[in-house]
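1. no FASTA, just this:
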């Protein structure tokens, strides 16, 4: 039985949805993400961007501007920075960030084959995934078929309006929505959909967050073999997705 992690299906399905809604792509994904292993003892912050500009006018009182609260790095996490989107989010320190650009350059080499095997993919599946326009990829401490994973890309604004539009199918299959919400992030308003999908008799879990920013939607997709891992990772993503300094 061929059991692949949810990330490949998330990537291909996102590409399909983007085509169906005829949205403009946010970019080719030429710049990968970078991780900064700086841990903090601060709890997860749910800060949002609420800055307001102060000003003066004749006969009025000056109101000082209120800076946006800083988003704290949760204990046991590292920053994953996405230069192409000028954003960042927190992932566990045990996770590894893959250099998307390097992977693309290694296509056809033994290193590429090893990277695919470590992720539990065939080389063709990895190639399809990298062609989806991914800006950044991160994988959990385990490798192979059940590795938890995270993908970041962007699509045209307005592609996703409700959580039930974020139930990516696997190989064309439609997932079942488990929960949806519209959280506010420090970058902008978001739409989140948590779901599960049956792949060759195996139930896999996923969650996607689409954040509206600068006329597009930044999409973060998380996949894992169990719902608890997906919820835990995505909860941190929602709390920490913020503009990169």
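-> Received it, and whenever you're ready, just let me know what you need. Note that the coordinates shown come from a computational prediction; the quantities given were computed from them, not determined experimentally.

2. residue 71 - that's part of a helix, no?
-> No - Residue 71 sits outside any helix when classified using DSSP: H, G, I helix; E, B strand; the rest coil, being coil.

3. need the per-residue pLDDT for it.
-> If you check residue 71, the pLDDT there is 93.

4. what is the neighbour count of it?
-> By other C-beta atoms under 10 Å, the residues close to residue 71 number 25. Yep, even glycine has a C-beta here, placed from its N, CA and C like the rest.

5. same check, this time on the one 3 residues further on
-> Other residues near residue 74 come to 21 when the count uses other C-beta under 10 Å.

6. was I right about it contacting residue 238?
-> No - assessed by C-beta atoms under 8 Å, residue 74 is found out of contact with residue 238, at 11.9 Å.

7. so how many other residues sit close to residue 92?
-> Applying other C-beta under 10 Å, we find 16 residues neighbouring residue 92.

8. distance of it from residue 222?
-> Counting by C-beta to C-beta, to the nearest Å, the gap from residue 92 to residue 222 is 12 Å.

9. what do these two both touch?
-> Overlap of the contact sets of residue 92 and residue 222 (by C-beta atoms under 8 Å, 6 or more residues apart in numbering) consists of residue 233.

10. element containing residue 134?
-> Following DSSP states H and E, one finds residue 134 outside all helices and strands.

11. same question, residue 79
-> Secondary structure (DSSP H and E) places residue 79 in strand 77-82.

12. and for residue 117?
-> helix 110-119.

13. buried ones in that helix?
-> Residues of helix 110-119 classed as buried: 112, 115-116, 119 (neighbour count, 16 or more other C-beta atoms under 10 Å).

14. kindly report the same for stretch 93-109.
-> Result for stretch 93-109 [16+ other C-beta under 10 Å]: buried residues 95, 97-98, 100, 103-104.

15. need the residues you listed in JSON lines (columns: secondary structure, pLDDT and distance to residue 195).
-> Formatted as JSON lines, the buried residues of stretch 93-109 follow (DSSP: H, G, I helix; E, B strand; the rest coil; pLDDT from 0 to 100; distance: C-beta to C-beta, whole Å):
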{"residue": "95", "secondary structure": "coil", "pLDDT": "94", "distance to residue 195": "22"}
{"residue": "97", "secondary structure": "strand", "pLDDT": "91", "distance to residue 195": "25"}
{"residue": "98", "secondary structure": "strand", "pLDDT": "85", "distance to residue 195": "24"}
{"residue": "100", "secondary structure": "helix", "pLDDT": "88", "distance to residue 195": "25"}
{"residue": "103", "secondary structure": "helix", "pLDDT": "90", "distance to residue 195": "27"}
{"residue": "104", "secondary structure": "helix", "pLDDT": "89", "distance to residue 195": "29"}
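
16. reformat the residues you listed as JSON lines; add distance to residue 87.
-> Below are the buried residues of stretch 93-109 laid out as JSON lines (distance: C-beta to C-beta, whole Å):
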{"residue": "95", "distance to residue 87": "17"}
{"residue": "97", "distance to residue 87": "14"}
{"residue": "98", "distance to residue 87": "18"}
{"residue": "100", "distance to residue 87": "15"}
{"residue": "103", "distance to residue 87": "21"}
{"residue": "104", "distance to residue 87": "21"}
